[in-house]
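**Q** got a sequence here, can you build the structure:
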Amino acid sequence: SLGDFVAGFQFNSFGKFQGYDEFDQSTGSFFAADYLFYLGWGLHIDSNFSIGASLKPLLSQYEQYHAFAFALDVAGTYLSDSRRFVATIMLRNMGAQLVTFEQSVEPVPWQLAAAISYKLENAPFRFYLQTNNLQRWSLSYDDPLNPTVQVDPFSQEVSRQHPAIAFADNLARHVTLGIELPIKDVFFARVGYSYRQMREMQYFARQSLNFSGFSYGFGFHAKRFDFSFARNNYHLGQAPNFISISFQNKKIPRALAFAGGGQNRNSFHAHIIPKGRGLRRTKIEIPGGGCYALGIRCAIRSAEIMV
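**A** Purely as a prediction, here's the structure:
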């Protein structure tokens with residue numbers, strides 16, 4: 001067998017804008033949008049190991065400016081004999097920019113990530129742990145509102161963050177946690193937490209009531225229909241909602257899935273999955289399938305690889 005294939009596209013519109021020149025004269029309206037097309041492939045090596053890849057042409061169109069790039073995702077997944085432990089490792093966005101907005105070529109931000117999940121044997125819970133940006137250790141930055149190095153204005157004494165605290169803070173920025181409660185393979189509820197998102201998006205004036213970094217979702221599975229909903233608390237002003245719907249028609253040997261959502265933007269995602277044996281959508285957010293409320297990405301926010 002050559003494996004299974006999936007094709008799809010993602011569309012993200014930033015809306016309609018009014019343009020003006022340097023003399024404050026209207027130049028008319030314009031749109032800004034991003035487009036992503038992908039072709040994915042997955043192969044079951046045996047009952048435990050599978051691999052996958054996804055080729056993604058990317059196009060950005062902002063008024064008269066546009067850019068084009070190619071990116072490639074590759075992944076490998078291990079599934080234990082008991083089906084309770086799953087491990088995934090992925091290289092994302094390996095590619096190059098072919099057409100630039102201006103003269104300078106911008107690098108495609110590639111990423112190495114890994115994730116594991118474990119389902120308890122005698123309890124209906126599955127736990128998830130994801131590590132991101134493994135190719136780069138330092139994910140922290142100097143926040144002018146909360147600097148790590150402070151100088152007393154009177155004594156001029158310099159105080160720095162303790163090295164152990166700085167190490168733990170940076171380590172936690174690589175980790176995302178999640179938990180899932182499945183009920184008889186029909187209904188599920190999920191909760192996720194990203195420390196990095198919380199640190200970067202928290203509102204310091206209300207630290208006692210800060211839900212940045214938390215995400216949650218639920219969904220259900222019918223015979224030929226799947227529905228998933230997820231909500232992510234970026235910060236107090238933004239909490240996008242994501243909805244994923246997939247269905248299959250008996251007369252058409254393919255599964256057609258749609259996803260959309262977001263806040264203050266229009267987003268759309270669709271893919272067609274050829275009917276195959278044990279095909280499973282694997283996203284690096286969680287090694288499994290479906291639209292997961294873990295981290296900041298959900299159905300339309302993540303690259304899919306069929307494994």
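**Q** if I've got this straight, residue 168 is in a strand?
**A** No: using DSSP: H, G, I helix; E, B strand; the rest coil, the assignment for residue 168 is helix, not a strand.
**Q** state the pLDDT value of it.
**A** Looking at residue 168, its pLDDT reads 92.
**Q** and what of residue 63?
**A** Looking at residue 63, its pLDDT stands at 87.
**Q** next, count neighbours for it.
**A** If you count neighbours by other C-beta atoms under 10 Å, residue 63 ends up with 13. Any C-beta I mention is one placed from the backbone N, CA and C, and that applies to glycine too.
**Q** can you pull the buried residues of stretch 48-55?
**A** Residues of stretch 48-55 classed as buried: 50, 51, 52, 53, 54 (neighbour count, 16 or more other C-beta atoms under 10 Å).
**Q** for those, give me CSV that also has secondary structure.
**A** Converted to CSV, these look like this (three-state DSSP):
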residue, secondary structure
50, strand
51, strand
52, strand
53, strand
54, strand
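**Q** find the nearest non-adjacent residue to residue 158, please.
**A** Using C-beta to C-beta, 6 or more residues apart in numbering and skipping the chain neighbours, the partner closest in space to residue 158 is residue 151 (5.4 Å).
**Q** contacting residues around the one you found?
**A** Residue 151 makes contact with 157, 158, 159 under the criterion C-beta atoms under 8 Å, 6 or more residues apart in numbering.
**Q** what is the neighbour count of the first one?
**A** One way to gauge burial is a neighbour count; for residue 157, by other C-beta under 10 Å, it gives 9.
**Q** ok, the closest residue to it other than its chain neighbours to residue 190 distance?
**A** Distance criterion C-beta to C-beta, 6+ apart; nearest residue to residue 157, sequence neighbours excluded, is residue 151 at 7.3 Å. Counting by C-beta to C-beta, to the nearest Å, the gap from residue 151 to residue 190 is 44 Å.
**Q** please apply the same query to residue 137.
**A** Going from residue 137 to residue 190 by C-beta to C-beta gives 29 Å.
**Q** with residue 89 instead?
**A** Distance, residue 89 to residue 190, using C-beta to C-beta: 22 Å.
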